[in-house]
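Trainee: sequence unavailable; structure follows:
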């Protein structure tokens, strides 16, 4: 009996250890890790409500939105000036190229187009589409931001 009790206990302990093993990270966590490893200066912060907070010296705020109801992935970046520097736009293009697996040159062209379109004629809130991505650029009196996302159905 004692041997039977030990073997049952060992089997239960083994099954508990296998059940407690961490699950593989989801696609969004993998994207955040890729951003950190491929772009110098990117640090991964906390995750809250399907949003991973990132940080970079060129961006005032940068987040990676995971799959939601309306989009598959979303990148939000806020510059600390009304007219973002070329290095900030390059950062956004690099991150977008990694997230959506598109060429960086195309993403640089799309992000630049969205940022440059803000102004007197088009206003401070511009929405465009480029390479099946939705781009929205918003400018306030002190900063500018860009949101790039792809719809769930695309």
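Mentor: Arrived safely. Because the structure is predicted, anything quoted here is derived from the model rather than measured.
Trainee: output the contacting helices and strands for the strand or helix carrying residue 134.
Mentor: Counting by DSSP states H and E, the element that carries residue 134 is strand 133-139. Packed against strand 133-139 by the contact rule (3 or more Cβ pairs under 8 Å, 6 or more residues apart in numbering; DSSP states H and E) you find helix 104-117, strand 125-130, strand 144-151. Where you see a C-beta, it was placed from the backbone N, CA and C, and this is true even at glycine.
Trainee: most tightly packed of the ones you listed?
Mentor: Among these, strand 144-151 has the highest mean neighbour count (mean count of other Cβ atoms under 10 Å), at a mean of 20.
Trainee: and that strand, how far out from the chain middle?
Mentor: Distance of strand 144-151 from its chain centroid, counting by Cα atoms, centre = their mean, to the nearest Å, is 10 Å.
Trainee: adjacent strands (with direction) for that strand?
Mentor: Note on strand 144-151: by DSSP bridges, its sheet partners are strand 71-79 (antiparallel), strand 133-139 (antiparallel).
Trainee: contact partners of the first one?
Mentor: Right, strand 71-79. With Cβ atoms under 8 Å, 6 or more residues apart in numbering as the test, strand 71-79 has contacts from 28, 31, 58-68, 85, 88, 91-92, 95-96, 99-100, 134, 143-152, 154.
Trainee: quick one: mean pLDDT for it?
Mentor: Confidence over strand 71-79 (mean pLDDT, whole number) is 89.
Trainee: and the closest residue to residue 108 other than its chain neighbours, what helix or strand is that in?
Mentor: Distance criterion Cβ to Cβ, 6 or more residues apart in numbering; nearest residue to residue 108, sequence neighbours excluded, is residue 93 at 3.9 Å. Here residue 93 sits within helix 86-100, counting by DSSP H and E.
Trainee: now swap in residue 44 and tell me
Mentor: With DSSP H and E as the criterion, residue 44 is inside strand 43-48.
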